[in-house]
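Trainee: A predicted structure for the sequence below; I have some questions about it.
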Amino acid sequence: MYLTKEEERMLDGKEGYATRKSMEILVALGNIFGAEKLIRVGSVQVAGVSYHNLGDAGLEFLNELAKDGRVKVLTTLNPAGMDLEDWKKLGISEEFARKQNLVIDTFRKMGIIISCTCTPYLIGNLPRYGEHIAWSESSAVTFANSVIGAKTNREGGPSALAAAFIGKTPEYGLHLEENRVPDTHVIVEAKLEKFSDWGALGYSIGKKVENRIPYISGIEDVGLDELKTFCASVVTYGSKPLFYIKGITPGSEKYQPPREGITIEDSDIREAYESINDDVDTIALVCIGCPHSSIKEIATIAKLLKDKTISPDTEFWVATSRQMKQLADKRSYTKIIEKAGGKFACDTCMAVAPLKGRFESVATTSAKGCYYSRHNNMKTKLGSLEECVDAAVRGKWS
Ligand code: F3S
């Protein structure tokens, strides 16, 4: 891979340990994937923030980098393993909180914005169409590539950090136009009637197209929250963090529908629910906000919970960014949700908080949330916001 004089200096360690280490990571990646050069990135989103996933070895790695590593571009963080301000209410142990705070301290020292959200595009890390970025959380990567039209590979934690310290990433994969061409046509004939149907659609398309890039037709209209949940689902159950929806997402106008294709029918959506949903009645946890809830979703939750009381046998969490919670505070949504017995889980989420063994079952609006909850040995129910709120109030799934 071609390196400029300045990049060679950095690789030689003339700018310190973290810069050298970062260049080593980027050059190794570039060589593996056949990149010709490094390109500038407008922003970085770093995943691998929860102490639950990092452990002591990860913390040590970050500590080493934080000694002299400082980010060169706007860099935000994915969710951590706990609410950074009010972790006790979520049942997090003192020891976990201590370690998680040490992790956060290293990121703060590096100059990273402690945003702790997988929806950075809702809180100020919003790339422009066509901009090269280096993001790592899969739903955010898919949203950036597909809904915004920015260009990013799905970075790992270390490669995203390396990109942040250098301000560049190797030019390969989805940074190149030729790798962004849709190669399978998905015709959606299924009726999408409720919010969670978008997660079910993501499941179905993800499973069917696997590593291909879908060009989706048959969708007349869709809101941002639906796109957000679809992004999370399609990449979780498939693998490519890029799709086009005809007439809706940017770039779709550049392409004709590929010849090869599949159709998604009502039966596919039904099958998705059958596969995601377990046979369970009692719901121990209801978690909304995967990806992190927008202010519109929080407003709807508040409306549904007004003058209701959550079952004493069920926890109700709204996972969101701290900035969104601050808006919710101002609009009194927080008051309504907390009065009903709900809790805000800011800075964290159902996948990265240490939940294993704490809840036997979960109801959520997120197909991705169901996927990760099963890894935490929880039985899962996917449903609309109305169904999830109803489950929280009754402690049972209807
Ligand atoms: Fe975000 Fe956590 Fe879901 S990172 S997409 S809320 S699993």
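Mentor: That came in fine, so what should we check first? Numbers count the residues shown, from 1 in each chain.
Trainee: contacts for the host helix or strand of Thr380 next, please.
Mentor: For Thr380, the enclosing helix or strand under DSSP states H and E is strand 379-382. The contact list for strand 379-382 (CB atoms under 8 Å, 6 or more residues apart in numbering) reads 196, 199-200, 273, 276-280, 283, 360-367, 369-370, 373-374, 387, 391, 397. (Glycine included, C-beta is placed from N, CA and C.)
Trainee: the ligand next: which of those are close?
Mentor: Filtering the contacts of strand 379-382 for proximity to the ligand by CB under 6 Å from any ligand atom leaves Gly369.
Trainee: picking up where we left off before, chain center to the strand holding Thr380: distance?
Mentor: 19 Å (CA atoms, centre = their mean, to the nearest Å).
Trainee: neighbouring strands of that strand in the sheet, and parallel or not?
Mentor: Strand 379-382 has the following strand partners under DSSP bridges: strand 361-364 (parallel).
Trainee: just the terminal-to-terminal distance for stretch 190-198.
Mentor: Stretch 190-198 has an end-to-end distance of 11 Å (criterion: CA to CA, to the nearest Å).
Trainee: and the contacts of that stretch?
Mentor: By CB under 8 Å, 6+ apart, stretch 190-198 touches 201, 219, 222, 225-227, 229-230, 233, 264-266, 268-269, 365-367, 382-387.
Trainee: go again using 7 Å as the cut-off
Mentor: 201, 226, 229-230, 264-266, 268-269, 365, 382-385 (CB atoms under 7 Å, 6 or more residues apart in numbering).
Trainee: can you check stretch 298-318 too?
Mentor: With CB under 7 Å, 6+ apart as the test, stretch 298-318 has contacts from 283-289, 293, 320, 324, 328, 331, 333, 336-337, 340-345, 385-386, 389, 392-395.
Trainee: do that again at 8 Å, thanks
Mentor: Against stretch 298-318 from outside (CB under 8 Å, 6+ apart): 90, 282-289, 293, 320, 324, 327-328, 331-333, 336-337, 340-345, 350, 359, 385-386, 389, 391-396.
Trainee: quick one, helices of the chain?
Mentor: Using DSSP state H, the helices of the chain run over residues 5-11, 17-33, 51-66, 94-109, 138-143, 157-166, 196-209, 224-237, 266-276, 295-305, 322-330, 333-339, 367-375, 385-394.
Trainee: buried residues in the fourth one?
Mentor: Of the residues in helix 94-109, 96-97, 99-100, 103-104, 106-107, 109 count as buried by neighbour count, 16 or more other CB atoms under 10 Å.
Trainee: hmm, which of the contacts of stretch 298-318 are the buried ones?
Mentor: Taking 16+ other CB under 10 Å as the criterion, what is buried in the contacts of stretch 298-318 is 90, 283-289, 293, 320, 324, 327-328, 333, 336-337, 340-345, 350, 359, 385, 389, 391-396.
Trainee: now for Asp279: which residues touch it?
Mentor: With contact set as CB under 8 Å, 6+ apart, Asp279 has these partners: Lys379.
Trainee: can you do 10 Å?
Mentor: By CB atoms under 10 Å, 6 or more residues apart in numbering, the contact list for Asp279 reads 379, 381.
Trainee: show me which residues of the protein sit near the ligand.
Mentor: So far as CB under 6 Å from any ligand atom goes, the chain lies against the ligand at 78-79, 118, 137, 139, 232, 290-292, 319, 349, 351-352, 368-369, 372.
Trainee: show me the two of the residues you listed that sit farthest apart.
Mentor: By the measure CB to CB, Asn78 and Gly369 form the most distant pair in these, at 15.1 Å.
Trainee: which one's more surrounded, those two?
Mentor: More neighbours surround Gly369 than the other of Asn78 and Gly369, with 30 against 25 (other CB atoms under 10 Å).
Trainee: how near is that one to Asp12?
Mentor: 45 Å (CB to CB, to the nearest Å).
Trainee: before we move on, what about Pro258?
Mentor: Pro258 sits at a distance of 46 Å from Asp12 (criterion: CB to CB).
Trainee: okay, these two: which has more neighbours?
Mentor: Legend: neighbour count by other CB under 10 Å for Pro258 and Asp12, higher for Pro258 (16 against 11).
Trainee: can you list the domains in this protein?
Mentor: Split into domains by automatic domain parsing, the chain comes to 5-177, 181-275, 277-394.
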